[in-house]
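Colleague: When you get a sec, could you give me coordinates for this:
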Amino acid sequence: MDNTIFSIWIQGDLDDISIVCIKSWIKFGYEVVIYTYSQSLLEHNTWKFKDPQLRYENANLIFDIIDNPDNSELLDTMGYAPLSDIFRLTKINKEGGTYLDTDMFLIRELPDKKEIIGSEYTNQSGAYKSSRLENPNFNVLRLPAGSPILQETIDKILKSKAWRHPHEVGMNSNNNTFMKIFQKLLFTEKYRHLKVRALAKAFDYSPIAWAYWKDIYQSPIIHHYKGKYAIDQPDLQTIMDKSIGIHLWRNLYRKNKTIEIHPNIYDKLKASLREVEEPKLTFCIPSFKRADILKEKTLAFLNRHGIERDSIYIFLNDYSEYDEYLTKIDNGYNFVITERQGIGATRSFILNNFFHRNKDIIMIDDDIEDIREGVNQKLTKSLDNLKEFCINYFKDLRKYDCYFGGIPLFDNPYFLKEGISTNLKYVSGAIQFHRKVIHRTPIELKLDEHYINHFEDYLCNIKYFLRDGKIMRKNNYFPITKNYNKIGGICEMEGSIDLRMEKGSKNANRIIELYPKTCSIVKKKGGLLNLRLNHFYTKTI
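Modeller: Numbers count the residues shown, from 1 in each chain. Prediction:
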């Protein structure tokens with residue numbers, strides 16, 4: 001499923017509420033597209049909030065209000081809310097996708113469903129009492145392109161008096177006439193199955209009812225009420241534990257010229273976003289029978305660069321190794337028993353089972369002494385700041401729209417080059433950067449349903465490239481490490497270097513059979529067999 005959220009913004013530059021909500025989407029790894037009719041902001045790119053996962057697009061490419069004479073006066077005539085309604089319906093009808101209002105704060109990732117329609121609580125007493133407990137709302141909308149209800153809603157809107165003569169019916173920024181057309185259709189027998197499949201509970205995305213909107217900005221907590229208009233309002237802890245998002249009711253905030261009282265719920269939501277602004281790195285180290293080597297090399301390297309111990313996870317195959325590692329390695333690290341045998345199975349476990357692909361992670365070998373940077377074709381130097389390097393690496397992954405990257409394995413500065421490549425060039429298994437991803441096929445390091453050890457790093461490169469069409473490599477860096485170390489690791493797991501190479505040969509030939517043209521077999525000095533990726537290979541869609 002596409003990992004993109006789109007929204008429409010018509011009112012000049014983004015306000016604080018919108019920026020906070022968009023940051024909450026970015027926090028969960030979503031790519032964000034904000035459509036706008038502000039030609040000046042688009043032309044000069046003067047938006048006050050920018051991020052590698054965020055881009056701004058011209059809304060006229062979807063629904064034209066500039067060159068189309070029938071639409072040119074819509075903004076002045078109707079206001080932003082009705083125009084926003086027709087825009088999102090048109091966009092999803094044409095291309096499909098996921099729409100969120102810019103005042104929708106995400107607490108957790110969206111469910112992996114093809115269809116989602118948001119809803120909100122209705123009044124259960126008073127003049128506007130509703131026969132329904134909840135009503136559909138456009139604050140969240142995900143439907144496939146060409147969904148019949150979208151086209152039927154658009155057709156009815158274009159024929160309506162509200163569209164043809166908006167002045168006569170008092171169309172303005174608070175008018176929800178177009179949404180009512182959609183609501184009425186959804187409750188017909190024709191769309192009953194869609195309503196059952198797609199309509200979310202109000203608790204999912206609008207858990208704080210409109211009647212209690214002031215509590216968001218004027219109270220640090222909200223209790224379980226059943227007071228105003230007999231709406232059953234959940235308490236804040238239940239919302240934070242179980243809801244998917246919180247609609248922040250910006251229209252009421254603006255209309256009432258709200259004066260905030262601090263601390264409040266909005267403050268708490270903003271505080272939860274600090275990880276976006278101050279990313280916490282996560283290092284994952286698969287290790288097998290190398291407690292001494294791990295301590296003397298990789299952990300010493302990370303310690304020199306000030307990496308906090310609580311951000312380092314050491315993955316062991318089983319409990320038989322745990323006591324030795326715990327005895328030899330200082331306290332403060334996170335130990336995880338995978339009960340998986342082999343590096344391919346362990347890396348797959350880390351990516352897909354332990355972190356569930358919902359965290360940026362740095363996979364690093366247990367025998368890394370240093371990372372070097374090329375100065376010229378003869379000289380290299382130690383990396384100045386590993387934290388900064390890693391933070392910037394994830395920013396670049398988002399900038400280049402990649403989900404996997406790393407550095408080469410050269411040990412000769414002559415072959416190092418400045419810059420970044422995104423073609424099929426080998427990314428070393430010594431240190432790899434895996435960007436969090438929710439709605440893409442998991443990468444499993446298997447051949448014919450079996451996890452592999454030797455050449456799992458090449459298989460990882462190939463599978464990411466075939467899935468995403470690109471992988472990223474920073475070409476001016478390389479690790480200091482020892483390949484084919486007899487102590488621990490793949491060699492000891494397979495029984496010896498010779499047995500490792502024997503299995504490696506079978507893996508290499510099978511990789512070439514399954515993924516032809518992505519790589520070839522070469523022999524290095526000393527007769528060691530290796531693979532060479534084809535950096536001219538292009539993914540065929």
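
Colleague: Can you give the domain ranges for this structure?
Modeller: 4-276, 280-533 (automatic domain parsing).

Colleague: can you redo the ones you listed as CSV with mean pLDDT and mean neighbour count?
Modeller: From N, CA and C alone the C-beta is placed, and that goes for glycine too. CSV is the format used below for the domains of the chain (pLDDT from 0 to 100; neighbours: other Cβ atoms under 10 Å):
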stretch, mean pLDDT, mean neighbour count
domain 4-276, 88, 17
domain 280-533, 89, 18
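
Colleague: For C519, list each beta-bridge partner.
Modeller: L533 (DSSP bridges).

Colleague: quick one, helices of the stretch 151-300 of the chain?
Modeller: 161-164, 166-169, 177-186, 192-198, 202-205, 214-218, 236-242, 250-255, 265-271, 274-277, 291-296, 298-304 (DSSP state H, counting those that start in this stretch).

Colleague: which stretch among those helices comes nearest I285?
Modeller: With Cβ to Cβ as the criterion, I285 lies closest to helix 298-304 of the helices of the stretch 151-300 of the chain, at 6.0 Å.

Colleague: Show me how far whichever helix in the chain runs longest is from its chain's centre.
Modeller: In the chain, taking DSSP state H as the definition, the longest helix is helix 497-514. In terms of Cα atoms, centre = their mean, to the nearest Å, the centre of helix 497-514 is found 34 Å from the chain centre.

Colleague: do the same with stretch 445-453
Modeller: The answer for stretch 445-453 is 26 Å, by Cα atoms, centre = their mean.

Colleague: Can you tell me what sits against it?
Modeller: Contact partners of stretch 445-453, identified using Cβ atoms under 8 Å, 6 or more residues apart in numbering, comprise 340-345, 347-348, 444, 456, 459-460, 463, 490, 493-494, 500, 503, 507, 510-511, 514.

Colleague: which one is the most far-flung residue of the chain relative to its centre nearest to, not counting chain neighbours?
Modeller: With distances taken as Cα atoms, centre = their mean, the residue sitting farthest from the centre of the chain turns out to be E168, at 45.0 Å. Leaving aside its sequence neighbours, E168 sits nearest to K161 (Cβ to Cβ, 6 or more residues apart in numbering; 6.7 Å).

Colleague: I'd like to know how far the one you found sits from D85.
Modeller: In this view, K161 and D85 are 16 Å apart by Cβ to Cβ, to the nearest Å.

Colleague: about what we covered before: which stretch among the helices of the stretch 151-300 of the chain comes nearest I92?
Modeller: Short answer: helix 177-186, nearest of the helices of the stretch 151-300 of the chain by Cβ to Cβ, at 11.4 Å.

Colleague: other SSEs contacting that closest one?
Modeller: helix 80-95, strand 134-143, helix 148-159 (3 or more Cβ pairs under 8 Å, 6 or more residues apart in numbering; DSSP states H and E).

Colleague: The second one: partners in the sheet, and parallel or antiparallel?
Modeller: Strand pairing for strand 134-143, determined by DSSP bridges: strand 97-100 (antiparallel), strand 116-121 (antiparallel).

Colleague: Just put those in a markdown table and tack on distance to F178.
Modeller: As requested, the strands paired with strand 134-143 are exported to a markdown table (distance: least, Cβ to Cβ, whole Å):
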| stretch | distance to F178 |
| --- | --- |
| strand 97-100 | 14 |
| strand 116-121 | 15 |
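
Colleague: The ones you listed: which one's closest to G29?
Modeller: That would be strand 97-100 among the strands paired with strand 134-143, by Cβ to Cβ, at 13.2 Å.

Colleague: what does that closest one contact?
Modeller: By Cβ under 8 Å, 6+ apart, strand 97-100 touches 2, 4-7, 21, 25, 88, 91-92, 106, 110, 116, 138-142, 245.

Colleague: what's in contact with stretch 194-204?
Modeller: Residues contacting stretch 194-204 (Cβ under 8 Å, 6+ apart): 113, 115-121, 133-134, 136, 140, 142-143, 147, 149, 186-187, 209, 234, 239, 242-245.

Colleague: ok, now with 6 Å
Modeller: Stretch 194-204 is contacted by residues 115-121, 134, 186, 243-244 when judged by Cβ atoms under 6 Å, 6 or more residues apart in numbering.

Colleague: Ok, stretch 377-386 next?
Modeller: In contact with stretch 377-386 (Cβ under 6 Å, 6+ apart) are residues 305, 370-375, 389, 413-414.

Colleague: for stretch 4-12, same thing?
Modeller: By Cβ under 6 Å, 6+ apart, stretch 4-12 touches 25, 30-37, 80, 84, 87, 97-100, 102.

Colleague: and if we set it to 8 Å?
Modeller: So stretch 4-12 is contacted by 18, 22, 25, 30-38, 41, 59, 75, 80, 83-84, 87-88, 91, 97-102 (Cβ under 8 Å, 6+ apart).

Colleague: Work out the gap between that stretch and the centre of the chain.
Modeller: On Cα atoms, centre = their mean, the centre of stretch 4-12 falls 18 Å from that of its chain.

Colleague: which stretches of the stretch 301-450 of the chain form strands?
Modeller: Taking DSSP state E, counting those that start in this stretch as the test, the strands found in the stretch 301-450 of the chain are 312-316, 334-337, 361-364, 370-374, 380-382, 404-406, 420-421, 431-434, 446-447, 450-451.

Colleague: Next, format those as TSV and append distance to S219.
Modeller: Shown next, in TSV, are the strands of the stretch 301-450 of the chain (distance: least, Cβ to Cβ, whole Å):
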stretch	distance to S219
strand 312-316	38
strand 334-337	37
strand 361-364	37
strand 370-374	49
strand 380-382	52
strand 404-406	44
strand 420-421	48
strand 431-434	40
strand 446-447	52
strand 450-451	52
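
Colleague: For K295, which of those is the nearest?
Modeller: Short answer: strand 312-316, nearest of the strands of the stretch 301-450 of the chain by Cβ to Cβ, at 10.4 Å.

Colleague: Could you list every helix and strand in contact with the closest one?
Modeller: strand 283-286, helix 322-328, strand 334-337.

Colleague: residues making contact with that strand?
Modeller: Counting by Cβ under 8 Å, 6+ apart, 282-288, 294, 299, 302, 322, 325, 329, 333-338, 346, 349-350, 354 sit against strand 312-316.

Colleague: how far out from the middle of the chain is that strand?
Modeller: The mean C-alpha position of strand 312-316 is separated from the chain mean by 23 Å, Cα atoms, centre = their mean.

Colleague: Tell me where the stretch 1-150 of the chain has strands.
Modeller: Going by DSSP E, counting those that start in this stretch, the stretch 1-150 of the chain shows strands at 4-9, 31-36, 54-58, 97-100, 104-106, 116-121, 134-143.

Colleague: In JSON lines: the ones you listed, plus distance to K395.
Modeller: Below are the strands of the stretch 1-150 of the chain laid out as JSON lines (distance: least, Cβ to Cβ, whole Å):
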{"stretch": "strand 4-9", "distance to K395": "18"}
{"stretch": "strand 31-36", "distance to K395": "14"}
{"stretch": "strand 54-58", "distance to K395": "12"}
{"stretch": "strand 97-100", "distance to K395": "23"}
{"stretch": "strand 104-106", "distance to K395": "21"}
{"stretch": "strand 116-121", "distance to K395": "30"}
{"stretch": "strand 134-143", "distance to K395": "28"}
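
Colleague: Figure out which of these is closest to I361.
Modeller: strand 31-36 (19.0 Å).

Colleague: tell me the angle that closest one makes with strand 4-9.
Modeller: 20 degrees (axes from the mean of the first three to the mean of the last three Cα atoms, to 10 degrees).

Colleague: Give the partner strands of strand 31-36 in its sheet and their orientations.
Modeller: Strand 31-36 has these strand partners (DSSP bridges): strand 4-9 (parallel), strand 54-58 (parallel).
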